[in-house]
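Engineer: Prediction below, plus the sequence it came from.
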Amino acid sequence: MLKTTHPINLTNQFLIAMPHIADSTFFGTVVYLCEHTERGAFGLVINRPTNIDLQALFSRIDLKLEIEPLLRVPVYFGGPVQTERGFVLHDPIHNGNYTSSMSVLSGLKITTSKDVLEAVVNGNGPKRFLMTLGHAGWSAGQLEEEIAKNGWLTVEGDPNIMFDMPAEQRFDAALGLLGISSIMLSGEVGHA
């Protein structure tokens with residue numbers, strides 16, 4: 001009998017890096033998968049803040065951010081692909097769309113155009129958002145292979161973890177969605 005495989009769709013899932021993940025870039029990370037198709041996968045690391053804050057980033061692109069609670073919000077390392085490019089993961093907006101936005105299954109949006117940042121400066125941007133430089137990407141079958149080798153755990157993404165929780169708590173919170181904690185993880189690879 002032939003074994004048939006059904007494609008899996010991990011869009012809107014958290015990828016939680018296991019301690020023995022092959023690529024050290026992803027050690028200790030939680031990645032939110034924005035898209036997963038037979039052609040590959042695209043996501044953003046949500047728990048690795050950089051030393052750049054929104055005020056510094058906005059000034060680099062000639063936008064003056066004056067909204068006090070946002071000035072010191074960190075920009076995140078979104079992944080090792082296109083690290084010079086900004087990605088804004090955000091709640092949907094009710095007053096229109098941005099020039100370059102993609103919807104995620106959960107209703108969240110990812111925007112790469114400057115107009116989302118202009119809206120933030122003007123006080124009418126998305127209520128909750130996460131700004132990254134770079135993204136994570138996998139070619140066709142690559143992510144599935146990494147999961148099969150126990151490189152990642154997967155669980156449905158939770159916007160409250162992404163937007164409302166401090167970065168240093170997001171890894172444990174994502175694991176908590178599976179009912180486990182980081183002290184339960186082992187660096188040993190094995191299959192039952």
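Structural biologist: Okay, I see it. Values in this document were obtained by computation on a predicted structure and should not be read as measured data.

Engineer: Now do the strands in the protein.
Structural biologist: 13-17, 30-37, 40-45, 49-53, 74-77, 81-90, 101-103, 109-111, 129-139, 152-156 (DSSP state E).

Engineer: Look up the closest residue to residue 75, ignoring the ones flanking it.
Structural biologist: Nearest non-adjacent residue to residue 75, counting by Cβ to Cβ, 6 or more residues apart in numbering: residue 52, 4.5 Å away. For glycine as for every other residue, the C-beta is placed from the backbone atoms N, C-alpha and C.

Engineer: Report how many residues lie close to the one you found.
Structural biologist: 15 (other Cβ atoms under 10 Å).

Engineer: if we can go back for a sec, would you list the strands of the chain in a markdown table and tack on mean pLDDT?
Structural biologist: Formatted as a markdown table, the strands of the chain follow (pLDDT from 0 to 100):
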| stretch | mean pLDDT |
| --- | --- |
| strand 13-17 | 97 |
| strand 30-37 | 96 |
| strand 40-45 | 97 |
| strand 49-53 | 96 |
| strand 74-77 | 97 |
| strand 81-90 | 94 |
| strand 101-103 | 86 |
| strand 109-111 | 92 |
| strand 129-139 | 97 |
| strand 152-156 | 96 |
